[in-house]
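1. need coordinates for the following:
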Amino acid sequence: MRIKRFEFESTQSRWRLSPVSFSDLTLLVGLSGVGKTRILKSINSLVGVSEGKSRSGIKWSIDFLDDEGRDCTWSGEFERLDEAELVHEQFEFMSDEDGLEKKKARLISEQVIVSGKIVVNRTSDMIAFQGTKMPKLSPHESVVSLFKEEDEIRPVAKSFSRIVYSYRAELVGFDRMFALTNSDRLAKKYRDIEAVKQSSLSALAKLYLADIVDRKVFNEISDRFVGVFPNVEEVSFAKFDKDGAPDFFPSAVYVRIKERGVQDFIAQKDISSGMLRTLSHLAELYLSPPGTVILIDEFENSLGVNCIDAVTEDLLDASSNIQFIITSHHPYIINNVSADFWKVVCRNGSEVNVVDAADLGIGASSHDAFLQLLNSDRYISGISACESK
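-> Numbering: from 1, shown residues only. As a prediction, the model looks like this:
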């Protein structure tokens, strides 16, 4: 997948993103609170919609290349529920027996265009697939989900499974302790490195399986990690003893590192946040299949200076078959990404606009582009930055 253009509106929260285009690498910059994170979350919300989830009050249009390289446009709109009816979206993990009324938003309209041809067209009371009116189908489920087994829609649905949202500054909860909880079953399922890359598993889980199916790839990642942290001499995985793992975590494994001059390994739960996130990012870079879209919010969070340097370098050197859309405030990252890839985000009330750095005169001279950004009146104002060129 490659996202080319995106626009989004939430009538629920009175928030609108004007159309924005993306390249293979896009760095979103702007003052805190202008909407950078929300852009990533809006893109990621379509993953859930493509899987059949209902999302009250959103309206979207996204142009992209699908899993087969076809030009596609997917647009749609859900009705807006009132606040009292939104409980199902906030507590989706609860069952019907929990006594919550699970009213779901209905789709008002939806359309999928592939290579200039309307494949699916939906109105509030009708769905037409390739020009043929369909029997009554779920009004809460997107046509991408409903027709995901059809030849024309399957590559579209698969494309949205390629979106990876790296949003947490550091791993928390069980993810902080375990790389994988059912390693035995998954080791039997994924027998080669391509299958591992194509999976939807977490970065550390993929790294564990790479250690089993392709030591060369695992060693490349491990060596790169050791290059960032020269005091580390080994990266490996270990299983919990049967007596040490909870019953509901069959064959749980964790990553561990061994530092030079230190006898014992450091278990995953005790590895520093910067080290663990660096390892996770490196695994993402090396183990994502072509067509992956990686969304990274506040790229610098939990990364030390040495980590930022190395991971930014790898990101810039990554294959053009992976698309990155990232946000950052860190001058090192911003200065080391060409201003040609910057998108300056600014907000006027509930309206968010995104412009190229060149439109603000940034990057046109040999002066420090980051300082040009900081001194830009439109960047400083934040709200009025995109009102006029």
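2. run a quick neighbour tally on the residue nearest to Lys269 when sequence neighbours are not counted.
-> Residue nearest to Lys269 in three dimensions, not counting chain neighbours: Met177, with 4.7 Å by C-beta to C-beta, 6 or more residues apart in numbering. C-betas here are computed from N, CA, C, even on glycine. Using other C-beta atoms under 10 Å, Met177 has 17 neighbouring residues.
3. got the phi and psi for Met177?
-> Dihedral pair for Met177: phi -100, psi -40, per degrees, to the nearest 10.
4. give the contact list for it.
-> Met177 makes contacts with 254, 268-269, as judged by C-beta atoms under 8 Å, 6 or more residues apart in numbering.
5. what's the separation between it and Leu276?
-> Distance of Met177 to Leu276, computed by C-beta to C-beta, to the nearest Å: 11 Å.
6. just Met134 next, same as before
-> Distance, Met134 to Leu276, using C-beta to C-beta: 48 Å.
7. which pLDDT does the model give Phe174?
-> The per-residue pLDDT reported for Phe174 equals 74.
8. where do the helices sit along this protein?
-> Ranges of helices within the chain are 36-50, 87-90, 143-146, 154-160, 174-177, 183-189, 193-198, 203-213, 215-228, 273-287, 305-317, 331-336, 369-375, 377-381, based on DSSP state H.
9. looking at these, which has the lowest confidence?
-> helix 87-90 - the lowest mean pLDDT of these, at a mean of 55.
10. neighbour-wise, which of Met134 and Leu276 wins?
-> The residue with more neighbours, out of Met134 and Leu276, is Leu276; 21 against 15, by other C-beta under 10 Å.
11. the more buried one and Gln268 touch, don't they?
-> Yes: the pair Leu276 / Gln268 is scored as a contact, 7.1 Å apart, by C-beta atoms under 8 Å.
12. how about stretch 218-225: buried residues?
-> Neighbour counts over stretch 218-225 (16 or more other C-beta atoms under 10 Å) mark 218, 221-222, 224-225 as buried.
13. let me know the closest of those residues to Ala310.
-> Nearest to Ala310 among the buried residues of stretch 218-225, counting by C-beta to C-beta, is Arg224 at 7.5 Å.
14. the residue nearest to that closest one when sequence neighbours are not counted and Leu315: what is the separation?
-> Leaving out its chain neighbours, the residue that sits closest to Arg224 by C-beta to C-beta, 6+ apart is Leu282, at 5.6 Å. The gap separating Leu282 from Leu315 is 10 Å, by C-beta to C-beta.
15. for Lys206, same thing?
-> Taken as C-beta to C-beta, the span from Lys206 to Leu315 is 17 Å.
16. out of these two, which sits in the more crowded spot?
-> Ranked by neighbour count (other C-beta under 10 Å), Lys206 and Leu315 place Lys206 first, with 27 against 21.
17. could I get the contacting residues of the closest residue to the more buried one other than its chain neighbours?
-> Counting by C-beta to C-beta, 6+ apart, Leu287 is the residue found nearest to Lys206 once chain neighbours are left out, at 4.4 Å. Contact analysis of Leu287 by C-beta under 8 Å, 6+ apart lists 196-197, 203, 206-207, 210, 217, 221.
18. for those, give me a markdown table that also has distance to Pro250.
-> Below are the contacts of Leu287 laid out as a markdown table (distance: C-beta to C-beta, whole Å):
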| residue | distance to Pro250 |
| --- | --- |
| Val196 | 20 |
| Lys197 | 24 |
| Ala203 | 21 |
| Lys206 | 19 |
| Leu207 | 19 |
| Ala210 | 21 |
| Val217 | 26 |
| Ile221 | 26 |
